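# could you work out the structure for the sequence below:
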Amino acid sequence: MLENEFELNKRRLLLQLVNDLESALRKQQLWQANEPSESALSSTAPFAIDSLTFTQWLQFIFIRKISYLLQFSLPLPQAMSVLPMAEEYFKSLAVNSSEITSIIGRIDLLISENKE
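Below is the predicted model:
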């Protein structure tokens, strides 16, 4: 029972963090109204770097995928390390990315957290 409670709490917190990430992207005006093309979304490159910006990847691939896994109670990834890419991407943008990178770091830690 303890394992199920742990997993349920993890999923609730992850849902909140994903919602917070969307809000932070919107606040910094990094949320896009128009969806990229199907071919751009089907990239197999890490972070779809060859066809999307990092913020597009967050919006149209990452947030959607995590939300889908949560909605249908599907297994979550065992580990995640998105923060290094976020930090690198935001170095060249003139936006206050501290809230966004903080949320991404918390998502990485939560996903990678092991059950004791």
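# only C-alpha atoms for contact and neighbour calcs from this point on.
OK.
# what is the host helix or strand of residue 20 packed up against?
For residue 20, the element it lies in under DSSP states H and E is helix 2-27. Helices and strands touching helix 2-27, by 3 or more CA pairs under 8 Å, 6 or more residues apart in numbering; DSSP states H and E, are helix 63-71, helix 98-112.
# most tightly surrounded among these?
Per-stretch averages of neighbours, counted by mean count of other CA atoms under 10 Å, single out helix 98-112 among the helices and strands packed on helix 2-27, with a mean of 18.
# follow-up on the earlier one: out of the helices and strands packed on helix 2-27, which is closest to residue 84?
Smallest distance to residue 84 across the helices and strands packed on helix 2-27 (CA to CA): 8.8 Å, for helix 98-112.
# what separates the closest one from the chain centre, distance-wise?
When distances are taken as CA atoms, centre = their mean, to the nearest Å, helix 98-112 is centred 8 Å away from the chain's centroid.
# that helix vs helix 2-27, what angle?
On the basis of axes from the mean of the first three to the mean of the last three CA atoms, to 10 degrees, helix 98-112 is oriented at 160 degrees to helix 2-27.
# so what does helix 98-112 touch, helix or strand wise?
Against helix 98-112 (3+ CA pairs under 8 Å, 6+ apart) you get helix 2-27, helix 83-91.
# now do it: everything it contacts.
With CA atoms under 8 Å, 6 or more residues apart in numbering as the test, helix 98-112 has contacts from 10, 14, 17-18, 20-21, 24-25, 76-83, 86-87.
# and the angle from it to helix 83-91?
170 degrees.
# quick one: average pLDDT of helix 98-112?
For helix 98-112, mean pLDDT is 97.
# got phi/psi on residue 79?
phi -150, psi 160 (degrees, to the nearest 10).
# contacting residues around it?
Residues near residue 79 by CA under 8 Å, 6+ apart: 108, 111, 112, 113.
# switch to 6 Å and redo it
Residue 79 is in contact with 111, 112, counting by CA atoms under 6 Å, 6 or more residues apart in numbering.
# likewise residue 31?
Residue 31 is in contact with residue 25, counting by CA under 6 Å, 6+ apart.
# now do the SS call for it.
Counting by DSSP: H, G, I helix; E, B strand; the rest coil, the backbone at residue 31 sits in coil.
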